[in-house]
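Peer 1: Next come a sequence and a model predicted from it.
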Amino acid sequence: MPVNSQAVGKTYEPTLYAVGREKIREYARAVGETNPVHLDVQAARAAGHADVVAPPMFAVVYSAPSVGPPIFDPEIELNFAMMVHGGQEFEWGPLVVAGDEITTVTSVKDISERDGRGYYVFESVSINQRGEQVCRGTWTNIVRGV
């Protein structure tokens, strides 16, 4: 079945993520981060930050909930059972720290078909409570056998 590219440009409702100190610490420990600015409030403040700093890839924690709705949108017709992760790219802005509130909006950037595979590209834009873009993500999913 050919891919349905009519949803390109569609934007989804924003998601809000309140960044917690313990979530940052848990994530940092899980990925083996040892820099004290990610684990210790005093070290983070001594380095000039308001609180512990999220490691860069913590972006997945606050932005992924916004990417779920388009993946499961019936209008897109993405066969989740045949989907594999194709790639991710991030552009980071100001650092994210505990206490930030991040709003993420995701849109359909591209849907195409090549070599019997569907390529579904979503773009997420995450903004903090000060209106600063903290991250822009490009999420590529590949569906086999379209």
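Peer 2: Received the coordinates, thanks.
Peer 1: Spell out the residue ranges of the helices in the chain.
Peer 2: 21-30, 41-46, 59-71 (DSSP state H).
Peer 1: which of the ones you listed is buried the deepest?
Peer 2: helix 59-71 (a mean of 19; mean count of other CB atoms under 10 Å). To be clear about C-beta, it is placed using only N, CA and C from the backbone, and glycine gets the same treatment.
Peer 1: residues making contact with that helix?
Peer 2: If you take CB atoms under 8 Å, 6 or more residues apart in numbering as the criterion, helix 59-71 is touched by 7, 10, 12-15, 17, 19, 23, 27, 54, 76, 78, 80, 83, 88, 90, 92, 96, 102, 104-108, 120, 122, 124, 126, 134-135, 137, 139, 141.
Peer 1: Buried subset of those, written for PyMOL?
Peer 2: To isolate the buried members of the contacts of helix 59-71 in PyMOL, using 16 or more other CB atoms under 10 Å:
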select buried, resi 7+12+15+17+19+23+27+54+76+78+90+96+102+104+105+106+107+108+120+122+124+126+134+135+137+139+141
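Peer 1: Quote the end-to-end distance of stretch 37-56.
Peer 2: End-to-end distance for stretch 37-56, by CA to CA, to the nearest Å: 12 Å.
Peer 1: one step back: what about the contacts of helix 59-71, which are in strands?
Peer 2: Counting by DSSP state E, those place 15, 17, 83, 88, 90, 92, 102, 104-108, 120, 122, 124, 126, 134-135, 137, 139, 141 in strands.
Peer 1: what number of residues lie near the closest residue to residue 110 other than its chain neighbours?
Peer 2: In space, and not counting its chain neighbours, residue 110 is closest to residue 121: 4.1 Å by CB to CB, 6 or more residues apart in numbering. Neighbours of residue 121 under the rule other CB atoms under 10 Å: 17.
Peer 1: Give me the pLDDT for residue 121.
Peer 2: pLDDT, residue 121: 97.
Peer 1: what about the most centrally placed residue in the chain, distance to residue 114?
Peer 2: The residue lying closest to the centre of the chain (CA atoms, centre = their mean) is residue 63, at 3.2 Å. According to CB to CB, to the nearest Å, residue 63 stands 26 Å off from residue 114.
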